[in-house]
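> Curious how this folds, go ahead:
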Amino acid sequence: MSLHQILLRPSDVLFFRDGRPMSGSLAGHTAAWPLPDVTNHALHAALHRAGLTDVHQHRGAGGTDRNRQFGSLKTAGPFPVSDCGHWYFPRPRDAQQAGCISVTLRPVAALPGLPTEDPWLTSSLPDPLEYAVANTQPPSKEAGGEPWISSAAFNAYLRDSTGPSKPSVHPDQPARFLTDAQVADTEHSIGIAIDPVTGTTGQGDAKGRIYSAHYLRLREGIQLGLFAEAMDKLNGQEPRRDLLVELIRTQPQAIIVGGQQRICSASLSTAASPLPLPQGLNAATDFKPLANGKFGVKWILLTPAIWPEISGSTKDGRPMNPHTGGWLPNWIDAATGKVLLKAGERGNRSYNGKHSRGFAEGGVDISAHLVAAIIPKPIVVTGWATATNDDPKGGGAKSTHLAVPAGAVYYFEASSPEEAVQLSNALNWHASDPGRIHNRRSTLMGEKGFGLGVCGTWKFHREAPSLTSPT
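Below you'll find the predicted structure:
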């Protein structure tokens, strides 16, 4: 298999910075769990430093003359992994009760007695949503459940089952839930700004400037876990060579991860089959029938996703279907909520360079619509590129994107159990094969691990009383 499991063990604190300012009392956003592009860039940079020869040259974006190396690198992660081999994932935002995986937020069916002709009289939700999501629990000041849950707990949650009222404490069983403090600690430090021109302090733009920063220190027994593959063409032809095996020949291998030249020890092993990620539902009997005759499918993000706004034309003036992007996936019709993905295998790149972009060749429509969603606050995704000899103009700030965070929940109605299966196969990271990663449903940076998700099932909150009933 070309897919590898990589475990990263930091030798010191880690530093992950986004584009927010760091000066004076502003610490930026430097101690959050690393985004998927961080570990992807770390491996990409390590491949460049390894001095590998005869690698395939990938043509730059837009048909430019600049060639890129190691374009075959694809990653998924990172996630917290215990030394015992147990993986943990972000808690879904509709299960907000500590110590269990019971669903506490559910869509509410349309209130009886309200007219449906005028949408302003029924809901202020943005198009194309139909149902609001309500809390099934009494009001509480609790902030929610533990942010990390085990793979076994996640699989139980997907089937809408109830979980234990308390985390497991048996020494032979993994903890089902972890708090941020159990995964990592945050350390604070004050530093002196360095002038980028002279490399010293107290001169140039850095004169008299200090900064504060937060650092992430993983707890003892916790590592960064991810999956990666980089099968490069051998002299542009088949068979392919495994670049990751050439990179990590000895165990472990030192790799720079994040900012400030922080080192992690990387160990490489063949990925197990099935992968230790949560496995989404994909059988017709898994999806609950709803009161309106439809079948409930929900999609939960394991990693953030980026869906950009699409204008009505390309840079060269060719027409395109506009889309709002943002919290709404680009493969959802912004007006009707219809799923635009096709059922079937994704098509390969054709002779003229075009590809299916998620639409299967000869595939059929999936009869399903987006009807509700739980979307947390967006996270900032940005970075900085360093100019190289091959690309002296390629340095500078990267584009800033607002990503939908992991744990977001999207609710769909499928017209039949068979359509629900087709939808789940199009959205589950594993499709119908849990041994490899098939679907990355982020429009941007999917190869870096954005847009991995799994499907579960859902049902309505209890029906609201009729508005015409006596008070």
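
> ok, residue 228 to residue 273 distance?
With the distance defined as CB to CB, to the nearest Å, residue 228 ends up 16 Å from residue 273. To be clear about C-beta, it is placed using only N, CA and C from the backbone, and glycine gets the same treatment.

> more neighbours, these two?
residue 228 (24 against 11; other CB atoms under 10 Å).

> what's the spacing between residue 124 and residue 132?
Between residue 124 and residue 132 the computed distance is 9 Å (CB to CB).

> quick one: which of those two has more around it?
residue 132 (16 against 7).

> The more buried one against residue 126, yeah?
No - assessed by CB atoms under 8 Å, residue 132 is found out of contact with residue 126, at 11.4 Å.

> Output whichever helix in the chain runs longest as CSV, restricted to C-alpha atoms.
If you go by DSSP state H, the chain has its longest helix at helix 36-49. Presented in CSV, the C-alpha positions along helix 36-49 are these (Å, rounded to 0.1, in the frame of the first residue of the first chain):
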residue,chain,number,x,y,z
PRO,A,36,-3.9,20.1,8.2
ASP,A,37,-1.7,22.3,6.0
VAL,A,38,0.9,22.6,8.7
THR,A,39,2.0,19.0,8.7
ASN,A,40,1.6,18.8,4.9
HIS,A,41,4.0,21.8,4.5
ALA,A,42,6.4,20.2,7.0
LEU,A,43,6.7,17.0,5.0
HIS,A,44,6.9,18.9,1.8
ALA,A,45,9.8,21.0,3.1
ALA,A,46,11.5,17.8,4.5
LEU,A,47,11.3,16.3,1.0
HIS,A,48,13.0,19.4,-0.4
ARG,A,49,15.8,19.2,2.2
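
> That one: how far from the chain's middle?
Relative to the mean C-alpha coordinate of its chain, helix 36-49 is positioned 17 Å out (CA atoms, centre = their mean, to the nearest Å).

> who's in contact with residue 310?
Residue 310 is in contact with 320, 321, 322, 323, 325, 330, counting by CB atoms under 8 Å, 6 or more residues apart in numbering.

> Tell me where the stretch 151-300 of the chain has helices.
Applying DSSP state H, counting those that start in this stretch to the stretch 151-300 of the chain gives helices spanning 151-158, 180-183, 243-247.

> May I see those arranged in CSV, with distance to residue 234 as well?
Putting those into CSV (distance: least, CB to CB, whole Å) gives the following:
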stretch, distance to residue 234
helix 151-158, 36
helix 180-183, 40
helix 243-247, 11
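
> what's the closest of the ones you listed to residue 372?
Counting by CB to CB, residue 372 lies closest to helix 151-158 out of the helices of the stretch 151-300 of the chain; the figure is 17.1 Å.

> Would you mind pulling the contact partners of the closest one?
With CB under 8 Å, 6+ apart as the criterion, helix 151-158 contacts 86-89, 92, 95, 101, 103, 149, 163, 174, 176-177, 276-281, 300, 454-457.

> of those residues, buried ones?
86-89, 92, 95, 101, 103, 149, 163, 174, 176-177, 276-281, 300, 454-457 (16 or more other CB atoms under 10 Å).

> quick one: low-confidence ranges for this protein?
For the chain, the stretches flagged by pLDDT under 70 are 1, 19-30, 58-67, 110-123, 161-174, 235-239, 313-317, 345-362, 386-395, 463-471.

> Which of the contacts of helix 151-158 fall in strands?
Counted as lying in strands by DSSP state E, out of the contacts of helix 151-158, are 88, 89, 149, 177, 300, 454, 455, 456.

> Which single one of these is nearest to residue 136?
The nearest one, if we look at those relative to residue 136 and count by CB to CB, is residue 456, at 16.0 Å.

> Pull the contacting residues for that closest one.
The contact partners of residue 456, by CB under 8 Å, 6+ apart, come to 157, 158, 159, 160, 280, 281, 297, 298, 300.
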